[in-house]
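Colleague: Sequence below, structure please.
(2 chains)
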Amino acid sequence: MVTYEFNRESRLLTPGHFQAVFAKPLRFGSSHITILVTPNSDNNNRLGLAIAKKRVKLAVQRNRIKRQIRESFRLNQHNLPFVDIVVMVKSGTDKLENKEINQQLEKIWRKIIQRHKK
RNA sequence: UGAGUUGACGAGACAAUCGCUGCUUUAUCGUUGUACCGCUUAUUUUUAAUAAGCGGUAAACAGAUAGAGGGGAGGAAAGUCCGGGCUCCAAUGAACAGGGUGCCAGGUAACGCCUGGGGGGCGCGAGCCCACGACAAGUGCAGCAGAGAGAAGACCGCCGAUGGUUACUUUUUCGAAAGUUUCACAGGUAAGGCUGAAAGGGUGCGGUAAGAGCGCACCGGAUUGCUGGUAACAGUAAUUGCAGGGUAAACUCCACCCGGAGCAAGACCAAAUAGGGUUUCAUGACUAUGUUAACGCAAGUUUUCAUAGUAUAAGCGUGGUUCGCGUGGAAACCGGGUAGGUUGCUUGAGCUAUAGAGCGAUUUAUAGCCUAGACGAAUGAUUGUCACUCUUCCUUGGAAGAGAUACAAAACCCGGCUUAUGCGUCAUCUCACCAA
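Modeller: Numbering: from 1, shown residues only, chains lettered A, B, ... in the order given. As a prediction, this is how the structure comes out:
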């Protein structure tokens, strides 16, 4: 079933959730983005964002990046296996265009899907 | 038309698709408690009451799903620099300490803000800028330069009583005398030079050996009075030779103001685990005394029963005090409280319009309106069309191409200040040029 919804059930909400992902992650990355992945027990995939103030200084840029990531996750989530995901960002990302962020993310989604098919 | 000045407003628009988050409403679903009705069981106070369970109906509250409607970042949301509301803590008031403000008047919930006025500075002007009380209460500070930096100072210069000397001039009774020049020097001087950011009022005339408020006139200052003004202050008259510079974002003095911490404030619900208190229960344990039985030569060990004691234990360590060690189980209830959740949370010193008061900040009255409430943190993404600027072409409003789209995102709420900001629109006044 294809869904484009994105509500509270598809987010990591508490520090506990985040710790679980940081504990033993699979790492995927591109030039500006790092993604940590852990399989979860729910029949759902969940997204958490870790955009450090150190990496992206302006609140406006942080918001923009978060929205782009959420949008990309929302549109691709039906292809992903059931996993918990934490997206981290390297410095310099605030200078990327929306399109570039999207391209990088889609590459990573493909990698994750391939890895989990095996 | 150009160059400026001040003020106000806007912060790309529309459509489609896919999403996020509150609100309103409709439908469905299940859950919880409430009321009523019926049935069953139990107890007793037995034509009934109470409790528990099941079923039905009603309305309410919250939840989930689906549909519809409607709302969803800013002028600075920023910096967190002031002020206030609100919350908790503290509190009789006052003083001290500490901090802040600082021309006058008004506005305000309050302010370090705003308005009007005064003074000073800048600009041809419209206008803009200024922490703008007191250094004659006291203390302190000032590199270098310079003679001297505070009731100053004699380096150069100017003058010069007196004494000497050289030369010259004049007079001459030929002894000399006077003058000029020059040297030494008691001293005078604050005009000039020099230094400096600053040198103890300024200009002119008189005066003097040379000078000097030494005297005078004008300007400036101080004091006292008068006039105008609520006041800051301004004007004016008389008196006073002038009275000791700067610095108070130096200590300080004067006047006025200020309790502390903050929505991670505060309030409510409250899992698991651990721990606290109260009550009850059951039996067991321990101790003391007596006692039964068994074993044993005995000391004693094990054991039965009874009585008494046990939470500030008994007991042990050490004879006493102190101190330390030790102080079992189950159930119910109570209270604190972590994770988490709910609330505080958006109706407010609110916005808009009209009218009145006021030069204005502002304020009064009436009417209308409700305009974000997220919490690992929503307010978005993609595409298309049109707008904006520039260039080119035809030509005077079309086409093509290119470019730009800033600064920056609520986090309890308001009033300010400061800083960032591509640009567009409107109004205001000033200056310059041209035309009339």
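Colleague: OK, contacts around the most centrally placed residue in chain A?
Modeller: Nearest to the geometric centre of chain A sits A:Val87, at 3.9 Å (Cα atoms, centre = their mean). The contact partners of A:Val87, taken as Cβ atoms under 8 Å, 6 or more residues apart in numbering, are A:Ile33, A:Thr34, A:Ile35, A:Leu47, A:Gly48, A:Leu49, A:Ala50, A:Ile69. Any C-beta I mention is one placed from the backbone N, CA and C, and that applies to glycine too.
Colleague: what's the burial count for the first one?
Modeller: A total of 20 residues lie near A:Ile33 under the criterion other Cβ atoms under 10 Å.
Colleague: looking at the sheet around it, what are its partners?
Modeller: Legend: beta-bridge partners of A:Ile33 under DSSP bridges are A:Val89.
Colleague: contacting residues around it?
Modeller: Contact analysis of A:Ile33 by Cβ under 8 Å, 6+ apart lists A:Val87, A:Met88, A:Val89, A:Lys90, A:Thr93, A:Ile101, A:Gln104, A:Leu105, A:Ile108.
Colleague: so where does the residue nearest to the centre of chain A fall, helix or strand?
Modeller: Applying DSSP states H and E as the criterion places A:Val87 in strand A:83-89.
Colleague: Name the next helix or strand following that strand along the chain.
Modeller: Counting by DSSP H and E, what follows strand A:83-89 is helix A:98-117.
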